[in-house]
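Asker: Need coordinates for the below:
(chains A and B)
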Amino acid sequence: MKRLFLNLIAVFLVVVAVAQEPVKPQLTPRIITATRSVSLFTGLEKQVFQAIQRKDKAALDALVEDDFEIEMPDADPLPGDDWEQAVLSRDYDLKSFLIRQMSARDLGTAVVVNYDRVQQSTYKGKSDGGEFFVVDLWNKEGDSWRLAARYVSKVSTIPWTPKTTPKPTGKQ
Amino acid sequence: MLLSRPIRLAFALVSITLAANFLSAQKVLHSDEDQRPNGFHTDSGETMPAVASPNNGTVVLGNGINYHGGTVLHSNPVPVYIIWYGDWSGTGSNTSHTVSVIDAFLAANSLGNSGYEKINSTYGDAIGNVSGNLELSRQVFDTGSQGTKLTNKKLTAIVNEHLTSGSLPTNSKGVYLVLTSSNVSETGFCSQFCGFHTAQTLNGSNIKWAFIGNPDRCQSACEIQSTGPNSPARGVGGADGMTNIIAHETEESISDPDLNAWFDSSGEENADKCNFRFGPTRTAADGAKFNQTFGGHDWMIQMNWENRSGGGCAQVLGGKFF
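Answerer: Below is the predicted model of the structure:
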């Protein structure tokens, strides 16, 4: 009886400990001045997703390396060709996306970028949207940058609907 | 089966804890979404509705940036307070030379009232427009009360300490700048941002404050050029890099002090829309580029978004858009 009681107390302590991990700082409401790298790679990431929206294979090929791969939890690495075939197919519809909270760490000829992406999309008619945490590795080739590898994890499947401001008419 | 009192108590304890953790987890997720600083200016990550012209038509919409009902800072001049944090008697750009360059930048009739700063007078609220004038009011030195590894909490503590101690006045109509030497780190500085601005209730008042780090800590991320027009030596461009970020943060702190006045549909404030865009430049004898001259100095500072004539990045009020 005493042992069972001690075991239950141990379970209680483990539950409390798990709930405290990992330590997660609260986000602060503030408006940042983005670094030059963040400005540059926000633009390049947008180009990748806009190429997917347009089903523009040439534009996408210009932005990703030939041996590009995607890694995600509980899955084998996804070859870039398979990914490209899927996202450029008619089955995939990227309706909207938003890139936020980007960090970029410049390592010279390579830059590691991480960001939070929320998107509305469907694959074979089913909702594929949500929130994703993405880490991208960009390599410099001459004067241009190409995406070498992506590590992506889904944070939430909660559908996200952007609410945009009314377009100003100038007559308000 | 009947369980003994201690066992029942333990089960109850575990059940309550599990329930509390579940509810807590829901709250944390919701809280994160609410408070994400995503540039959308609201806690929910959504944009705010634009509202009609703020002061009977003297400030119009339709110039690529929208008004959302908040106030702007009207003072003429807007007082600026500086907290020099860290070691400003060191080497490189962490010296009194940088202090004197930035003092000259923010002195009366320097940045304030320049054709450049007057671009900000195209923003207003129900009371009136921004004056386009600002001036250094008081500055203090803090050699490291919160150490050299800063977080947002520690930055808040630094500002609060100087308000409560009375070393700086508590003024809700001013802008406070925390300028850190290059040996001081701040989470996110150099990887996400070069500076930021915010508003908080401190010492009983709504205080607008901004962080600007010495970009010599990360030249490729936050500095325009290694040698600026006010560099004391080649390769020491920190002071000029800081003037660029100070221009950015003060413009936004004045036109969108509480993060609810002027920004566009993607959440960008006026200076964000021209971040690291300089327009045409000239070259000094030492090779440093500059695009402004006022207060007896040349400066290399980003353009600002002019809220008229369709909107665009300009170097001076009424000048060409680039």
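
Asker: What ranges in chain A fall below the confidence cut-off?
Answerer: Scanning chain A for pLDDT under 70 picks out A:1-22, A:158-172.

Asker: Show me the residue sitting in the middle of it in space.
Answerer: Nearest to the mean C-alpha position of chain A, counting by C-alpha atoms, centre = their mean, stands A:Val134 at 3.3 Å.

Asker: any idea how far that one is from A:Ala58?
Answerer: According to C-beta to C-beta, to the nearest Å, A:Val134 and A:Ala58 sit 23 Å apart. The way it works is simple: take the backbone N, C-alpha and C, and place the C-beta from them, glycine included.

Asker: Need the pLDDT of B:Asp240.
Answerer: Listed pLDDT for B:Asp240 reads 97.

Asker: three-state assignment of the closest residue to it other than its chain neighbours?
Answerer: Spatially, and ignoring its direct neighbours in sequence, B:Asp240 is nearest to B:Gly228 (2.6 Å; C-beta to C-beta, 6 or more residues apart in numbering or on different chains). Three-state assignment for B:Gly228 (DSSP: H, G, I helix; E, B strand; the rest coil): coil.

Asker: A:Ala104 contacts A:Val135, doesn't it?
Answerer: No - taking contacts as C-beta atoms under 8 Å, A:Ala104 lies outside contact range of A:Val135: 11.0 Å.

Asker: neighbour count winner among those two?
Answerer: More crowded of A:Ala104 and A:Val135, by other C-beta atoms under 10 Å in any protein chain shown: A:Ala104, with 24 against 15.

Asker: isn't there a helix covering that one?
Answerer: No - counting by three-state DSSP, A:Ala104 is not part of a helix but strand.

Asker: Identify the residues contacting the nearest residue to it once chain neighbours are set aside.
Answerer: Take A:Ala104 and drop its neighbours on the chain: the residue closest to it by C-beta to C-beta, 6+ apart is A:Ser37, 3.7 Å away. Counting by C-beta atoms under 8 Å, 6 or more residues apart in numbering or on different chains, A:Ser37 touches A:104-106, A:111, A:113, B:220-221.

Asker: what about 7 Å?
Answerer: A:104, A:106, A:111, B:221 (C-beta atoms under 7 Å, 6 or more residues apart in numbering or on different chains).

Asker: Quick check: next helix or strand after the helix or strand harbouring it?
Answerer: Element membership for A:Ser37, per DSSP states H and E: helix A:36-54. Moving toward the C-terminus from helix A:36-54, the next helix or strand (DSSP H and E) is helix A:57-63.

Asker: buried sites along that next one?
Answerer: Buried residues in helix A:57-63, counted by 16 or more other C-beta atoms under 10 Å in any protein chain shown: A:60, A:63.

Asker: Neighbours of the closest residue to chain A within the stretch 201-322 of chain B, how many?
Answerer: As assessed by C-beta to the nearest C-beta, chain A sits closest to B:Ala221 within the stretch 201-322 of chain B, at 4.0 Å. Residues lying near B:Ala221 (other C-beta under 10 Å) number 21.

Asker: so what pLDDT did the residue nearest the centre of chain B get?
Answerer: Nearest to the mean C-alpha position of chain B, by C-alpha atoms, centre = their mean, lies B:His197 at 2.9 Å. pLDDT, B:His197: 97.

Asker: quick one, what contacts B:Ser181?
Answerer: By C-beta under 7 Å, 6+ apart, the contact list for B:Ser181 reads B:86-88, B:90, B:94, B:214.

Asker: Which residue, other than its chain neighbours, is closest to it?
Answerer: Nearest non-adjacent residue to B:Ser181, counting by C-beta to C-beta, 6+ apart: B:Gly86, 3.3 Å away.

Asker: From A:Val113, how far off is that neighbour?
Answerer: B:Gly86 sits 29 Å away from A:Val113 when distances are taken as C-beta to C-beta.

Asker: neighbour count winner among those two?
Answerer: Between B:Gly86 and A:Val113, A:Val113 has the larger neighbour count (other C-beta under 10 Å), namely 26 against 23.

Asker: Now that one: which helix or strand?
Answerer: Using DSSP H and E, A:Val113 maps to strand A:110-123.

Asker: anything in that strand sitting right up against chain B?
Answerer: No - legend: contact between strand A:110-123 and chain B by C-beta under 7 Å from any C-beta of the partner chain is lacking; minimum distance shown is 8.0 Å.

Asker: Contact partners for the residue nearest to A:Asp128 when sequence neighbours are not counted?
Answerer: Nearest in space to A:Asp128, with sequence neighbours left out and distances taken as C-beta to C-beta, 6+ apart, is A:Ser121 at 4.7 Å. A:Ser121 makes contact with A:92-95, A:128-129 under the criterion C-beta under 7 Å, 6+ apart.

Asker: follow-up on the earlier one: so what's the residue of the stretch 201-322 of chain B closest to chain A closest to, chain neighbours aside?
Answerer: A:Thr35 (4.0 Å).

Asker: Contact partners for the one you found?
Answerer: A:Thr35 makes contact with A:104, B:190, B:192-194, B:221-222, according to C-beta under 7 Å, 6+ apart.

Asker: Report all helices and strands that the helix or strand where A:Gln101 lies contacts.
Answerer: For A:Gln101, the element it lies in under DSSP H and E is strand A:92-106. Applying 3 or more C-beta pairs under 7 Å, 6 or more residues apart in numbering or on different chains; DSSP states H and E, one finds that strand A:92-106 makes contact with helix A:36-54, strand A:110-123.

Asker: Done for today, thanks.
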